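Enquirer: structure here, sequence nowhere to be found:
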C-alpha cells in the first residue's frame, strides 16, 4: 500500500498524519522543523475514509482533550538503528514525567546529550513518540520540532493535578 496522509484540526493547529500500509509513519505540525518534502506524504485522503487515520485522529483528539494518557497506534518510524533505539526509549517516558537529554544519553549507549537531542529532534511521530517529554538541564524547555510553545502546552496537559495545584501559589 502506498503512503497517504490526512490533515486534522487540533488545539495545536493542523496536524499532518502520514501512514503506509497499516502503520502510522509520521505526525507533523504546521511549521514543523525539519519537515519532510511534501511529496513524501503521498496522496491526501479524508481521515474518515481510512480506518488507521480515523483511529489516529480519534486517539489524538482524546489525548489533546485530556481524555486519555496513552496512544495505542501501530507505528513504523523511519530511521536508522540508533535513531529507532532512542525513539523507543522515548516511548518509555511515562505520561506526566520528563527526562533530560543528558539522562537519555546516559541510557542510550555511547551517545552525547547533543547527539540525543539531534535524534529526538528528528522524531517523525511527534506526540505519538513523546519527544516533548525531553527537557534541558534543570527542566529547562529547549527546542522542539513543533516549537517550544507547543512543547509547553503538551507538558502542561500532562502535568499531574497535584503539581499543577501546588503551582497556583
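Expert: Okay, I see it. These numbers were taken from a predicted model, which means no experiment stands behind them. Numbers count the residues shown, from 1 in each chain.
Enquirer: below-threshold pLDDT in this structure: ranges please.
Expert: Residues of the chain meeting the criterion pLDDT under 70: 1, 163-169.
Enquirer: again, only using 80
Expert: 1, 34-39, 160-169 (pLDDT under 80).
Enquirer: from what I can see residue 40 touches residue 3, true?
Expert: Yes: using CB atoms under 8 Å, residue 40 makes contact with residue 3 at a distance of 7.2 Å. Bear in mind the C-beta positions are built from the backbone N, C-alpha and C, glycine included.
Enquirer: what do these two both touch?
Expert: Both residue 40 and residue 3 are in contact with residue 18, where contact means CB atoms under 8 Å, 6 or more residues apart in numbering.
Enquirer: what helix or strand is residue 17 on?
Expert: Using DSSP states H and E, residue 17 sits within strand 15-20.
Enquirer: strands of the protein, start to end?
Expert: 3-8, 15-20, 23-29, 43-44, 99-100, 134-135 (DSSP state E).
Enquirer: quick one: which of these is nearest residue 87?
Expert: Among the strands of the chain, strand 134-135 comes nearest to residue 87, with 11.0 Å by CB to CB.
Enquirer: longest helix in the protein, please.
Expert: helix 51-64 (DSSP state H).
Enquirer: quick one, it and strand 23-29 angle?
Expert: 50 degrees (axes from the mean of the first three to the mean of the last three CA atoms, to 10 degrees).
Enquirer: tell me what helix 51-64 is packed against?
Expert: strand 3-8, strand 15-20, strand 23-29 (3 or more CB pairs under 8 Å, 6 or more residues apart in numbering; DSSP states H and E).
Enquirer: show me the beta-bridge partners of the residue most central in space within the chain.
Expert: Geometric centre of the chain, nearest residue: residue 126, 1.9 Å, by CA atoms, centre = their mean. Taking DSSP bridges as the rule, residue 126 bridges to residue 129.
Enquirer: relative to residue 109, how far out is it?
Expert: Residue 126 is 24 Å from residue 109, where distance means CB to CB, to the nearest Å.
Enquirer: next: residue 80.
Expert: 14 Å.
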